[in-house]
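In: structure for this input, please:
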Amino acid sequence: MQRKVTKAVFPVAGLGTRFLPATKSVPKEIMTLVDRPLIQYAIDEARAAGIKEFIFVTSRGKSALEDYFDTSPELEASLRKKGKDELLEVLQQTNMESGAIAYIRQHRALGLGHAVWCARRLIADEPFAVILPDDVIAGEKSCLQQMVEAYEETGGCMVAAMEVPPAKASAYGILDIESEDGAKVKVKAMVEKPKAEDAPSNLAVIGRYILTPDVMENLNRMKTGAGGEIQLTDAIADEIEAGRGVYGYRFRGQRFDCGSKAGFLQATVAFGLARPDLREEFSEYLAEMAALKNAAQ
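Out: Presented below is the predicted three-dimensional model:
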């Protein structure tokens, strides 16, 4: 029986330069998708998967992120006094229990692998999840929950996987597949950001991982990879070389790359239309915009 995954690492030290000037004063993870910051979607997904300990790898300028998960007694008292119970309940969902959340600084931007390595002392000898908040995944069951259930059968390391067009392979880590079993694939190699003609498949690694503590040992070597950075993909690939199982999981759901402006806007539309309180008015507006565009053509 596999050890339960109860810890998750959230690498949130990035500067968010693609969203400047907004990210000059607001951490990208606090940017709002409809009425919730990106980080809230990641936390909700982790909770649904049974995560109990949340480890944030941060950097300077991220104090707003830490404040977001703290209690707000004055605001809660005001909402309670005004009888706004529904809003009070929503607000309280953002609070984290004392001791459930930890913040670790990444002082130098040396890559995703380095960011995960920064959490090594809190991970110790347990399996753990990694969630990249830029990747927002909408589905009936959370992506990480699907992966946790699959991991209970396979053990080893597991990465979320999604088919991408060959032309976009160079933006992802790509899986070389040994065998397939439904949504699960056994991986025989991983290639970080290959050229389209060199990609071993069209199955790309997306920002969800379940990893063994052996990966931390691999990261200890501080081996640099693509872009001169310490790549998490390389540390996972080392597990394959060591003869330990690495799996990809084709999750059910729609992924939005909220690290890009276009992806963020697409997610805003999708999540806005999914909201019963917004759907009718918002869809009417979008229809009007489409009609205007067609008329102009």
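
In: can you give me the strands for the stretch 1-150 of the chain?
Out: Using DSSP state E, counting those that start in this stretch, the strands of the stretch 1-150 of the chain run over 7-11, 32-33, 36-37, 53-58, 101-105, 128-131, 135-138.

In: can you put the ones you listed in a markdown table and add mean pLDDT and distance to residue 268?
Out: (C-beta placed from N, C-alpha, C; glycine too.) Formatted as a markdown table, the strands of the stretch 1-150 of the chain follow (pLDDT from 0 to 100; distance: least, Cβ to Cβ, whole Å):
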| stretch | mean pLDDT | distance to residue 268 |
| --- | --- | --- |
| strand 7-11 | 95 | 21 |
| strand 32-33 | 90 | 6 |
| strand 36-37 | 90 | 11 |
| strand 53-58 | 92 | 24 |
| strand 101-105 | 88 | 27 |
| strand 128-131 | 96 | 20 |
| strand 135-138 | 93 | 10 |
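
In: residues contacting the closest residue to residue 85 other than its chain neighbours?
Out: In space, and not counting its chain neighbours, residue 85 is closest to residue 79: 7.8 Å by Cβ to Cβ, 6 or more residues apart in numbering. If you count contacts by Cβ atoms under 8 Å, 6 or more residues apart in numbering, residue 79 has them with 85, 87-88, 91.

In: what's the spacing between residue 79 and residue 90?
Out: 9 Å (Cβ to Cβ, to the nearest Å).

In: what does residue 182 give?
Out: 37 Å.

In: just to revisit the earlier point, closest one to residue 233 among the strands of the stretch 1-150 of the chain?
Out: The closest of these to residue 233 is strand 128-131. By Cβ to Cβ, the value is 11.6 Å.

In: name the helices or strands packed onto the closest one?
Out: strand 7-11, helix 38-48, helix 143-154, strand 203-211 (3 or more Cβ pairs under 8 Å, 6 or more residues apart in numbering; DSSP states H and E).

In: list the buried residues of the third one.
Out: Buried positions in helix 143-154, judged by neighbour count with 16 or more other Cβ atoms under 10 Å: 143-148, 150-151, 154.

In: chain center to it, what's the gap?
Out: 15 Å (Cα atoms, centre = their mean, to the nearest Å).

In: what does it rub up against?
Out: 1-2, 5, 8, 45-46, 48-51, 127, 129, 131, 137, 139, 158, 160, 183-184, 208, 210, 245, 247, 249, 251-253, 255.

In: returning to what we had before: between residue 182 and residue 90, which has more neighbouring residues?
Out: residue 90 (13 against 8; other Cβ atoms under 10 Å).
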